[in-house]
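> Need coordinates for the below:
(one chain, ligands or ions: 1)
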Amino acid sequence: ATSLRGLAEAQNRYFGTALTDGDLNNSAETNIAGPQFDMVTPGNEMKWDTTEPSNGSYNFGPGDQILSWAQAHNDRVRGHNLVWHSQLPGWVNSLPQNQVQGAMEAHITTEATHYKGKLYAWDVVNEPFNEDGSLRQDVFDKAMGTNYIADAIRTAHAADPNAKLYLNDYNIEGENAKSDGMYNLAKSLLSQGVPLNGIGLESHFIVGQVPSTMQANMQRFAALGLDVAVTELDDRIQLPASSANLQQQAADYANIVKDCLAVSRCVGISQWGVDDGNSWIPGTFPGYGAATMYDQNFQPKPAYNSTVSAL
Ligand code: XIL
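Have a look, this model is predicted:
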């Protein structure tokens, strides 16, 4: 039978999805995820608020469940994520500034050591940029300055030298001020010998708005010697979705696949979730939805067919 994973593997790529522990209990979702996808990103289960809810006390149970489901289905896993301003437990923000670096390094070392050798990649720092290409003034930047990113990547590398280490962000898919910021940071990290391996382009798009510069943008990161990946793809539509919207979405998905296949260092594409009914979009962007390749009844949409044709 046709599958996204089979078609991607034939091109030396992967096609992934994000799964939460809740999704693992929904057989309609897992019946799609097993055969169709070969890379899993935990939707929430490896984030700091889950894995270290209070200082020094760790909980890897939820993340371990995702990992073992993935292993049982011959999938690889993208660890997501080690350092992020969001879904960060309150205790980190309350630390005296001179304790933030130690807490960050301990968190990275403990979590990356727990999963050592089991993950394809880590999103080491997630969403570090403002829209204008400057770094967010979050607790890590305030305590350590820009250097926190190099320190985080080096710390992750020491704990799990074989995981591909990524920086991941949204609105960096096309060429713009924010992706310029990421490009300049990546270049600077590499020139300092920081073991950065890849850039994740989240790719939370609005239908009809996939940037025309996406392929060129991926290519400029690849030219630095980095992998690139589409890490959280969805393409939201203002509800109710018309058939014209669904056709445009199909064109969008096909364009993204073509862009990735045209860049040899584009290692794969992950959709954020399996189906429209369980996607994060309606909860976060009220009025929007229908953002994935599968509808509320778990039926493949035009975007699924266009993705298959483009792969
Ligand atoms: C989202 C999850 O899907 C939601 O369940 C959660 O409430 C918020 O986070 N960028 C990221 C992901 O890197 O971790 C986010 O996931 C979506 C945006």
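> Distance check, the residue of the chain found nearest the ligand against residue 23.
For the chain, the residue positioned closest to the ligand under Cβ to the nearest ligand atom is residue 280, at a distance of 3.6 Å. All C-beta spots, glycine's among them, are computed from the backbone N, C-alpha and C. For residue 280, the distance to residue 23 (Cβ to Cβ, to the nearest Å) stands at 11 Å.
> residues bridging contact with these two, i.e. touching both?
Shared between the contact lists of residue 280 and residue 23 (criterion: Cβ atoms under 8 Å, 6 or more residues apart in numbering) are residues 43, 273.
> Comparing those two, which residue is more hemmed in?
For residue 280 versus residue 23, the count of surrounding residues by other Cβ atoms under 10 Å is larger for residue 23: 22 against 17.
> Touching, the more buried one and residue 33? I think so.
Yes. Counting by Cβ atoms under 8 Å, residue 23 touches residue 33, with 7.4 Å between them.
> what touches both of these two?
Contact criterion Cβ under 8 Å, 6+ apart; residues shared by residue 23 and residue 33: residue 274.
> List, one by one, the residues from the chain near the ligand.
By the rule Cβ under 6 Å from any ligand atom, the part of the chain lying against the ligand is 43, 44, 126, 202, 232, 280.
> what's the burial count for the fourth one?
Look at residue 202: counted by other Cβ under 10 Å, it has 22 neighbours.
> Double-check residue 214 against residue 172; I have them as touching.
No. Taking Cβ under 8 Å as the definition, residue 214 is not a contact partner of residue 172, at 10.0 Å.
> Name the residues contacting each of those two.
With contacts defined as Cβ under 8 Å, 6+ apart, the residues adjacent to both residue 214 and residue 172 are residue 201.
> thinking again about what came up before, next one, pLDDT for the residue of the chain closest to the ligand please.
Per-residue confidence at residue 280 stands at 98 (pLDDT).
> Then the one 4 residues further on?
The predicted structure scores residue 284 at 98 on the pLDDT scale.
> Can you read off the backbone torsions of it?
Residue 284 adopts backbone torsions of phi -100, psi -30, taken as degrees, to the nearest 10.
> go on, residue 53?
Note on residue 53: backbone dihedrals following degrees, to the nearest 10 are phi -60, psi -30.
> I figured it hits residue 90, correct?
No. In this structure, residue 53 is not within contact of residue 90 by Cβ under 8 Å, at 9.5 Å.
> So for the two, which sits in the more crowded spot?
The residue with more neighbours, out of residue 53 and residue 90 and counting by other Cβ under 10 Å, is residue 53; that gives 13 against 9.
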